[in-house]
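Asks: Next input, structure requested:
(one chain, ligands or ions: 1)
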Amino acid sequence: MPPEREQLEADVLIIGAGPAGLACALHLANLIEQHTQASKSPALSAENIYVLEKAREIGAHQLSGAIMDARGLRELVPDFEKTAPLDTPVTGDAAYYFTENDSWKLPITPPPLQNHGNYVVSLNKLVKWLGGLVEKKGVNLFTQFAGRNLLYDKAAGRNGIAGVLTEDKGVDKNGKPKDNFTPGYELRAKVTVLAEGPRGSLTKELVNNLKLDGLNPQVYGIGIKELWDVQPGRIDTGYVAHTLGWPLSSDLYGGGWVYGLRDNRVSLGMVVALEYHDPLFDPHEAFQKFKTHPFVKKILEGGKLVRYGAKTVPYGGWYSMPRSYMDGGLIIGDSASLLNSQRLKGIHTAIKSGMLAAETIYEALCSGDTSEKALSAYKTKLENSWIKKELWEVRNFHQAFHGGLWTGLAKSGIQFITGGRGLVDPMHSEAGYKEYEKLNRDRTLVDQSTRFRGDGKLTFDRLTDVYHSGTRHDEDQPCHLIVLEPNICGDRCVREYGNPCQYFCPAAVYEMVTDKDGPKLKISAANCVHCKTCDIADPYQIINWVPPEGGGGPNYEGM
Ligand code: SF4
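Replies: Below is the predicted model:
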């Protein structure tokens, strides 16, 4: 029998306390405050806004490069420069092309990578600060709670959502209640906002169930990042460099970054599109090699790794946007495909989409109508905002690189001249996992003994990096990585693709082992840094990432 669950009712329930979710909560609380001061009815209260966050504290799962275009934040908190934890304004920028031993600085930094007027920030710190502002407004922020299941609203004439069930706490790895068992809550709301970031588990389910897909399937990149403390004088504070080329071949879409932060700290990383052909390609190894390039090595040598993390990035843009309104629900931020992949920026659009959602919800609550028709005002507001203008100009950008770097640069040049249209508009794309080429081997596991180990100083193996991500999960809980057809792993996948999960996972969660029955998959779920790559990049789409018990996962302090 399902356990008896406590029911809570809110006006608005926001799933995910990232920039989009917190901007939505803060702007809505501000609107309610103004409304109360103007003594209009009906009675609305910030206390009736709930925000759920699966991390152990606000910001702990937030990771980005990050260079922030302050446009969104300036609209949300006009005097943000007085109190926001901005690391440094960008003081100089450059783009480089790398070969294995050399680098060429492009004579002009391409306009999308020009960052004058932007800030280098730690998204973790920025989101913590935003969380503080939201709490001060009286909004209820619940950390260590994940939305585990959606509650659907199938009342007469409606086809939407009505809230979520949070996960049961205190369940052992066999699914049995432990002494500390607490059933999840049934949280109901007039409007539920999905702000889960890229590849949200509830968003994925909702888009599938209500058939909300955009024109193109969503495509993603994996971003892998390290923070380093380096010797003084190695890089100027506020200097940002973006790189193309080595160690990525020209058929891979991606590149690296190196940003100089305050106090001799450096943010560096690499983003690679999850649509490569070689199923044994290892993004973590590629990033480690990137650090051995003379340009990067010179900055890092003698320094110390401080933090590590990984996260996916939604590249699809406007044409991958799902329908983001339904009865009782909205989708915002990265979950709604609002990142500008050409500029590699999504914090400003996430914040703005949260604000537009807040305005839509405010009007809906005041009119007592939270139907799909009323909430479709969110789409109209997006269409009329600078988000649309910005994303429309790059609507075909990522698709242009399907044939490789050089043709992509040529096509994107034509798009630039034609306001985003290019030679074909819309350009279609396929989900990235369809790009793998089959290996067609026998049923023998690929030898892992020669995998990259790192030197322990400049380069590291994945387990050392996971240690630096601060990841922690209770090991005695059901596995949150659900393999829907495990037989495929030990047979078909061995033969066809050589088990790519062992390569694309940046946290060494997946390992193929052999027992008396032959090859089988071993999952070390406690290592998981919640990047969602496996849910996206598995060639058979049989890995379903669901949130583990709230509070588990990485601790991206300063990331
Ligand atoms: Fe990322 Fe999946 Fe590995 Fe977790 S198990 S770190 S979500 S690829």
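
Asks: could you pull out the strands for the stretch 301-450 of the chain?
Replies: Taking DSSP state E, counting those that start in this stretch to define them, one finds strands in the stretch 301-450 of the chain at 304-314, 325-326, 329-331.

Asks: So what touches the last one?
Replies: What that stands for is strand 329-331. With contact meaning C-beta atoms under 8 Å, 6 or more residues apart in numbering, strand 329-331 is reached by 160-161, 191-194, 203, 206, 212, 322, 324-325, 357, 360-361, 375, 378. For the C-beta atoms, the positions are set from N, CA and C on the backbone; glycine is no exception.

Asks: ok, 6 Å please
Replies: Identification of contacts with strand 329-331 by C-beta atoms under 6 Å, 6 or more residues apart in numbering yields 160-161, 192-194, 203, 324, 357, 378.

Asks: how about the CA coordinates for the particular helix or strand that has residue 134 in it, as CSV?
Replies: According to DSSP states H and E, residue 134 maps onto helix 123-136. Output of helix 123-136 as CSV, limited to C-alpha atoms (Å, rounded to 0.1, in the frame of the first residue of the first chain):
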residue,chain,number,x,y,z
LEU,A,123,27.1,30.7,-10.4
ASN,A,124,27.2,28.9,-7.1
LYS,A,125,27.8,32.2,-5.3
LEU,A,126,25.4,34.2,-7.4
VAL,A,127,22.5,31.7,-6.8
LYS,A,128,23.2,31.6,-3.1
TRP,A,129,22.9,35.3,-3.0
LEU,A,130,19.7,35.3,-5.0
GLY,A,131,18.3,32.6,-2.7
GLY,A,132,18.9,35.0,0.2
LEU,A,133,16.9,37.7,-1.5
VAL,A,134,14.1,35.3,-2.2
GLU,A,135,14.0,34.1,1.5
LYS,A,136,13.9,37.7,2.7
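
Asks: just to revisit the earlier point, export the strands of the stretch 301-450 of the chain to TSV and append columns for distance to residue 248 and mean pLDDT.
Replies: Below are these laid out as TSV (distance: least, C-beta to C-beta, whole Å; pLDDT from 0 to 100):
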stretch	distance to residue 248	mean pLDDT
strand 304-314	15	98
strand 325-326	38	98
strand 329-331	31	98
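
Asks: Out of those, which is closest to the ligand?
Replies: Closest approach to the ligand among the strands of the stretch 301-450 of the chain (C-beta to the nearest ligand atom): strand 304-314, 6.5 Å.

Asks: Enumerate the residues of the stretch 351-500 of the chain near the ligand.
Replies: Residues of the stretch 351-500 of the chain found near the ligand (C-beta under 6 Å from any ligand atom) are residue 481.

Asks: quick one, strands of the stretch 151-300 of the chain?
Replies: Applying DSSP E, counting those that start in this stretch to the stretch 151-300 of the chain gives strands spanning 160-166, 169-171, 177-182, 186-194, 220-229, 239-245, 254-260, 265-273.

Asks: And those: which comes nearest the ligand?
Replies: Closest to the ligand of the strands of the stretch 151-300 of the chain, according to C-beta to the nearest ligand atom: strand 220-229, at 8.2 Å.

Asks: returning to that earlier point: okay if I get the strands of the stretch 151-300 of the chain as a markdown table plus mean pLDDT?
Replies: Formatted as a markdown table, those follow (pLDDT from 0 to 100):
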| stretch | mean pLDDT |
| --- | --- |
| strand 160-166 | 97 |
| strand 169-171 | 97 |
| strand 177-182 | 96 |
| strand 186-194 | 98 |
| strand 220-229 | 98 |
| strand 239-245 | 97 |
| strand 254-260 | 97 |
| strand 265-273 | 98 |
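
Asks: got those as JSON lines, with mean neighbour count and distance to residue 54 columns?
Replies: JSON lines is the format used below for the strands of the stretch 151-300 of the chain (neighbours: other C-beta atoms under 10 Å; distance: least, C-beta to C-beta, whole Å):
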{"stretch": "strand 160-166", "mean neighbour count": "24", "distance to residue 54": "9"}
{"stretch": "strand 169-171", "mean neighbour count": "18", "distance to residue 54": "12"}
{"stretch": "strand 177-182", "mean neighbour count": "12", "distance to residue 54": "16"}
{"stretch": "strand 186-194", "mean neighbour count": "25", "distance to residue 54": "13"}
{"stretch": "strand 220-229", "mean neighbour count": "24", "distance to residue 54": "19"}
{"stretch": "strand 239-245", "mean neighbour count": "21", "distance to residue 54": "31"}
{"stretch": "strand 254-260", "mean neighbour count": "24", "distance to residue 54": "27"}
{"stretch": "strand 265-273", "mean neighbour count": "24", "distance to residue 54": "23"}
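
Asks: quick one, which of the ones you listed is nearest to residue 531?
Replies: Distances from residue 531 to each of those were compared using C-beta to C-beta; the minimum, 6.5 Å, belongs to strand 220-229.

Asks: What lies in contact with that closest one?
Replies: Contacts with strand 220-229, where a contact means C-beta under 6 Å, 6+ apart, come from 265-274, 283-284, 287, 300, 303-315, 506, 533, 536, 558.

Asks: number of nearby residues for residue 106?
Replies: Using other C-beta atoms under 10 Å, residue 106 has 13 neighbouring residues.
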